[in-house]
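**Q** Provided below are the primary sequence and the corresponding predicted coordinates.
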Amino acid sequence: MTRKQRRLTIIAAAGAVLALAAGLVLFAMRDAIVFFYGPTEIAEKGVMPGTRMRLGGLVENGSVQRGPGQRVAFAVTDGKSTVKVSYDGLLPDLFREGQGVVTEGVFEGAGRFKADSVLAKHDETYMPREVADTLKKQGHWQGEAGAAAPVKP
């Protein structure tokens, strides 16, 4: 075996080991990766029931319904589509109708979402980047004030 062939063999072996390591890392992280969607994207892309994801948008006015205990149901909208969310737990203090929200959980299908956690904006000017981008695409964003325009139900 010549010196050139030995070098190529070592490079090929190192590339194979690197590809295997990258594949194992991605395989191990498959359950930790959570994608962000807006209500319109869920409707357009046909997200499969049981998919773990983040849902962001505005809490629809008049949609918050409190049930027994800490059970809460509300709707998240981007002005074009709406997804109904159910959540068991304490809501953030800044959670209210017409405000930006990001929920993480499982899409149940038929426009229903079961949330594990609910995140609300932390002050009057903050909006999560993904939510702001989605609202800008739908035309419901006021850039100067940093707050979303009121959504008509």
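**A** Here it is on my side, so go on.
**Q** in the sheet, who's paired with E104?
**A** Beta-bridge partners for E104, by DSSP bridges, are R54, S117.
**Q** go ahead and confirm it touches Y37.
**A** No. Counting by C-beta atoms under 8 Å, E104 stays clear of Y37, with 11.1 Å between them. All C-beta atoms are positioned from the backbone trio N, CA, C, and that covers glycine.
**Q** joint contacts of the two?
**A** Shared contacts of E104 and Y37, defined by C-beta atoms under 8 Å, 6 or more residues apart in numbering, are found at M53, R54, L55.
**Q** pLDDT score assigned to the second one?
**A** Read it as R54. Note for R54: predicted pLDDT of 88.
**Q** that one contacts T103, correct?
**A** Yes. The pair R54 / T103 is scored as a contact, 6.9 Å apart, by C-beta under 8 Å.
**Q** more neighbours: which of those two?
**A** Taking other C-beta atoms under 10 Å, R54 and T103 do not tie; T103 has more neighbours (24 against 19).
**Q** excluding chain neighbours, what is closest to the more buried one?
**A** Counting by C-beta to C-beta, 6 or more residues apart in numbering, A115 is the residue found nearest to T103 once chain neighbours are left out, at 4.0 Å.
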